[in-house]
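Undergrad: From the sequence below, what's the structure:
(one chain, ligands or ions: 2)
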Amino acid sequence: MAEVELDSVSKIYSKNVKAVDNASLTAEDGEFLVLVGPSGCGKTTTLRMIAGLEEITSGSLRIGGKLANDLEPKDRDVAMVFQNYALYPHMKVFDNMAFGLRARKTPEPEVRARVSEVAGKLGLEELLDRKPGALSGGQRQRVAFGRAIARRPAVFLLDEPLSNLDARLRVIMRRELAMLHRELGTTTIYVTHDQVEAMTLGDRVCVMNDGMIRQVGTPKEIYDHPVDRFVGEFLGSPAMNFLEGEKKNEDGDASFAIGDFVLSLTQQFKNVPSGNVILGARPENISLATSEDRDFRNDLIEGTLEVLEDVGEARLLHVQVADSLIVAKVTERPEVEVGYKVSLTVDSERCHLFDPETGKNLSV
Ligand SMILES: Nc1ncnc2c1ncn2[C@@H]1O[C@H](COP(=O)(O)OP(=O)(O)OP(=O)(O)O)[C@@H](O)[C@H]1O
Ligand SMILES: [Mg+2]
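TA: Ligands and ions are numbered 1, 2, ... in the order given. Predicted structure coming up:
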């Protein structure tokens, strides 16, 4: 097993394309690290540089403590699983899985032993004589994993391995991947643009945008304490709400004013200077005001219910407040009607204040 360390790594494809910009990141030995970010942010490029399929323009890469910038891919002891699986169509499943071992001149009896062990783990025993063309998407995906696992590399590099599967199979494979990682304990760097995969699989998550690393942390750290508006918005569904308003500090009390409404803020915000800010509130931290709230609180936000969506385990209320459309996620089945006014409470302890210019989180 091995740790993978990127130190100020950049990849410049041509004058105008800086695909990865000064990225510093360490995947600890045995860790499951997820790279997540929107399309084109540099995830695949980062993985390909680690695999040795793409030259590193500047910075250094260490695998297992050893400088790896100029190592041949085959000497890096990493195995990559590609989004399109890249199986050899003319080879049987067995030979696909044996390919990496044979390429490394592993004695044939050991090849057989390892392939059948991995086939057992992944439930592929019955399929070893088939060719990839005769497999379902999920089975092909398993073969691609099997080929990587059979080699027993020090590091797995997985590029969106579940993106071609249907939603149900994705959930199953996600669970299997988590179990497999627990069993093998191999350092894994996993690329996805799916924030649910990132949150559920990662020991830690690295959020990228525009070739740059925005934040690295445990799923909980990133979700609860996003460093900027981009990270706050990227993780969570429905996305975090953003409200433009004014931060006020009066007599030691902090508040946030939007239109005619004033929201009291907890003490954690008292050091944020007054002025224009953007308040970020996740849908699950906004509730419908109870009749008690309406009697006793003076910091309710009022708006018109535009759309009510029932998603089974929760209701999503889309509420027009001043110029903004706010989404609240509630677990009860409220007696409210579309087109009418509703009052909302915001759990200000779990809110964030962002700088309107830089997007930086002012409250962490
Ligand atoms: N071979 C290449 N030559 C020039 N530019 C490239 C090349 N490969 C990628 N790029 C550019 O580098 C940037 C990062 O691409 P990359 O494939 O790493 O993104 P990604 O995060 O994996 O995106 P996706 O989620 O769509 O797979 C993009 O702007 C892309 O157009
Ligand atoms: Mg990609």
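Undergrad: host element of residue 334?
TA: Counting by DSSP states H and E, no helix or strand carries residue 334.
Undergrad: That one reaches residue 315, doesn't it?
TA: Yes: the criterion here is C-beta atoms under 8 Å, and residue 334 meets it with residue 315 at 6.6 Å. Every residue, glycine included, has its C-beta placed from N, CA and C.
Undergrad: Between the two, tell me which one has more neighbours.
TA: Set residue 334 next to residue 315 and count neighbours by other C-beta atoms under 10 Å: residue 315 wins out with 18 against 15.
Undergrad: okay but residue 222 is in contact with residue 234, surely?
TA: No: the criterion here is C-beta under 8 Å, and residue 222 misses it with residue 234 at 9.1 Å.
Undergrad: what do the two both touch?
TA: By C-beta atoms under 8 Å, 6 or more residues apart in numbering, residue 222 and residue 234 have these common neighbours: residue 207.
Undergrad: Pick out whichever of those two has more residues nearby.
TA: residue 222 (27 against 23).
Undergrad: Now residue 44. Nearest residue, chain neighbours left out?
TA: Distances taken as C-beta to C-beta, 6 or more residues apart in numbering put residue 159 closest to residue 44, at 5.6 Å, once the chain neighbours are dropped.
Undergrad: What count of nearby residues applies to the one you found?
TA: Around residue 159 there are 21 residues (other C-beta under 10 Å).
Undergrad: Check the one 10 residues further on too.
TA: Here the number of neighbours of residue 169 (other C-beta under 10 Å) works out to 15.
Undergrad: Quick one: residues contacting it.
TA: 137, 138, 162.
Undergrad: where does the second one land in three-state SS?
TA: The three-state label for residue 138, taken from DSSP: H, G, I helix; E, B strand; the rest coil, comes out as helix.
Undergrad: Kindly report the residues of the chain close to ligand 1.
TA: 13, 17, 19, 37, 39, 40, 41, 42, 43, 44, 45, 193 (C-beta under 6 Å from any ligand atom).
Undergrad: Pretty sure the fifth one sits against residue 192.
TA: So the one you mean is residue 39. No: assessed by C-beta under 8 Å, residue 39 is found out of contact with residue 192, at 11.4 Å.
Undergrad: which of the two has more neighbours?
TA: When residue 39 and residue 192 are compared for neighbours, residue 192 comes out ahead with 23 against 7, by other C-beta under 10 Å.
Undergrad: Give me the distance from the longest helix seen in the chain to the chain's centre.
TA: The longest helix of the chain (DSSP state H) is helix 167-184. Helix 167-184 sits 16 Å away from the centroid of its parent chain (C-alpha atoms, centre = their mean, to the nearest Å).
Undergrad: right, and the helix or strand after that helix?
TA: strand 187-192.
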